[in-house]
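Undergrad: Compute the structure for the input listed below.
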Amino acid sequence: MKKKILILLVVATFGVFYSCSDADPELYSDGAVAYFTAGTSSKFPVKEEDVTGSLKKVRVGVTTVANVDREFQIEVLPDDNLNDDVNYASPSQYSIVSSSLVIPAGSYVGDIEIISEYASLPENEEILLKLKLNSVDSGVVLERMNTYTLTLFRSCLIPDFPLSYNAVPFAFGVNGPAFASTFVPVENVENTYSVASGWGPNFVAWAANESSLEGEYVYSGTLIINCDNSVVYIGNDAWATGGTGSYNPNTGVITVLLTQELFTDPFTVTTTFTPN
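TA: Numbers count the residues shown, from 1 in each chain. Predicted coordinates:
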C-alpha cells in the first residue's frame, strides 16, 4: 500500500528531558542532537470504544538547553516495497493532529500526536506507519534513532480472560482423553496464548492404540482470538498444520478444529476448551 510523503514542521528547544506518563519513555544521549526518544518502534492499539479515534503520542526531544525555539521536520515514509507481507497505512487510516508542533523556549520535548479510528483499520491485520526525523535547525539528528515505526491494529483486549481450562478432543465420532490446559499469554500481543497441547498429551496414544506414545506428539502451539471472536491455532511442528475455530464471549468456551499430517490417514480433531 503506497503512502504519500507528509512533512511536519516541529519547533523544539534544546534541553534536559523530563518524563510524561502518557508518552513513551525517554532514552537519553549526550550532545546537541534531536531524535525519537522511545527507540525505534511501538504498538498502536486502536479501540472501538474510542468514538472519536484512539490517540498515540510519539515523543521527539533534543539534548542541549537553549533559549530559542528550534525547528525540525518529520516525514511519513512510503512503502519500501521490500516485503509483500507488510501493509502500510494509507492517509485515510490515520491523521496527525497538527502539521506543526511548537516547543517554546524553556521546554525540552514534544509529542507528535496521531489519531486512528477503529473502523478505518482492516480486521485481523496490522499495518505500519513509519516516521522519519529528517533535519533540525542548527542541530544534529541522531541517525540511529531518526526513524520510528508504529504498528496500528484493532484492539479488542479481552478483560479478565481465564487461563485454566478443561479440554476434550473429539475424533472418529467419539471423545478422546480429557485433559487440563493452562494458557500462557504471549507478551505484548493481545489475545494470544501459548498452549502446551492442542489435543491433549495422550491423544496420539489413544488414537493409535499404543500406550508407549503417551506424552508424545502433543500438538503444542499458539492460539489467537481475533476481534470477531474467530480463533486461529498455529502448531509448533511441521506436522501440526494448525486450525481454526471460535470463541464464545458469553461462556468463555473455545472450540478449535485441528488438522494434522502426523497420521497416514487424514482426519481432523475438534478440541473444546471450557474455562474452569
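Undergrad: Give me the contacts around stretch 167-175.
TA: If you take CB atoms under 8 Å, 6 or more residues apart in numbering as the criterion, stretch 167-175 is touched by 176-181, 199-200, 203, 207, 267-274. For every residue, glycine as well, the C-beta is placed using N, CA and C.
Undergrad: make that stretch 211-219, sorry
TA: Contacts with stretch 211-219, where a contact means CB under 8 Å, 6+ apart, come from 196-205, 235, 237, 239-240, 258, 260, 262.
Undergrad: for the record, mean pLDDT for that stretch?
TA: Taken as a whole, stretch 211-219 carries a mean pLDDT of 98.
Undergrad: got the buried residues for that stretch?
TA: Neighbour counts over stretch 211-219 (16 or more other CB atoms under 10 Å) mark 213, 217-219 as buried.
Undergrad: where exactly do the helices run in the chain?
TA: Shown for the chain, the helices assigned by DSSP state H span residues 203-208.
Undergrad: ok, which stretches of the stretch 1-150 of the chain are strands?
TA: Taking DSSP state E, counting those that start in this stretch to define them, one finds strands in the stretch 1-150 of the chain at 7-12, 33-36, 41-47, 54-62, 70-76, 87-88, 95-96, 100-102, 109-116, 127-136, 140-141, 147-155.
Undergrad: what lines up beside the fourth one in the sheet?
TA: Within its sheet, and counting by DSSP bridges, strand 54-62 is paired with strand 33-36 (antiparallel), strand 109-116 (antiparallel).
Undergrad: Over to the fifth one?
TA: Sheet pairing of strand 70-76 (DSSP bridges) gives strand 7-12 (antiparallel), strand 127-136 (antiparallel).
Undergrad: weakest of those in terms of mean pLDDT?
TA: Among these, strand 7-12 carries the lowest mean pLDDT (a mean of 40).
Undergrad: quick one on the thing from earlier: looking at the strands paired with strand 54-62, which is buried most?
TA: Most buried of the strands paired with strand 54-62, by mean neighbour count (mean count of other CB atoms under 10 Å): strand 33-36, with a mean of 24.
Undergrad: Looking at that one now, give me its mean pLDDT.
TA: Across strand 33-36, the average pLDDT comes to 75.
Undergrad: Convert the C-alpha atoms of it to PDB, please.
TA: Written as PDB, here are the backbone C-alpha positions of strand 33-36 (Å, rounded to 0.1, in the frame of the first residue of the first chain):
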ATOM      1  CA  VAL A  33      21.000  16.100  19.000                       C
ATOM      2  CA  ALA A  34      17.300  15.600  18.200                       C
ATOM      3  CA  TYR A  35      15.700  12.100  17.900                       C
ATOM      4  CA  PHE A  36      12.700  10.000  18.700                       C
END
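Undergrad: What is the burial count for Val68?
TA: When neighbours are defined as other CB atoms under 10 Å, Val68 has 12 of them.
Undergrad: same deal with Val62?
TA: Applying other CB under 10 Å, I find that Val62 has 29 neighbouring residues.
Undergrad: Report pLDDT for it.
TA: The model's pLDDT for Val62 equals 72.
Undergrad: again with Phe267
TA: 97.
Undergrad: confidence score at the nearest residue to it once chain neighbours are set aside?
TA: Computed as CB to CB, 6 or more residues apart in numbering, the closest residue to Phe267 that is not its neighbour in sequence is Ala171, at 6.1 Å. As predicted, Ala171 sits at a pLDDT of 98.
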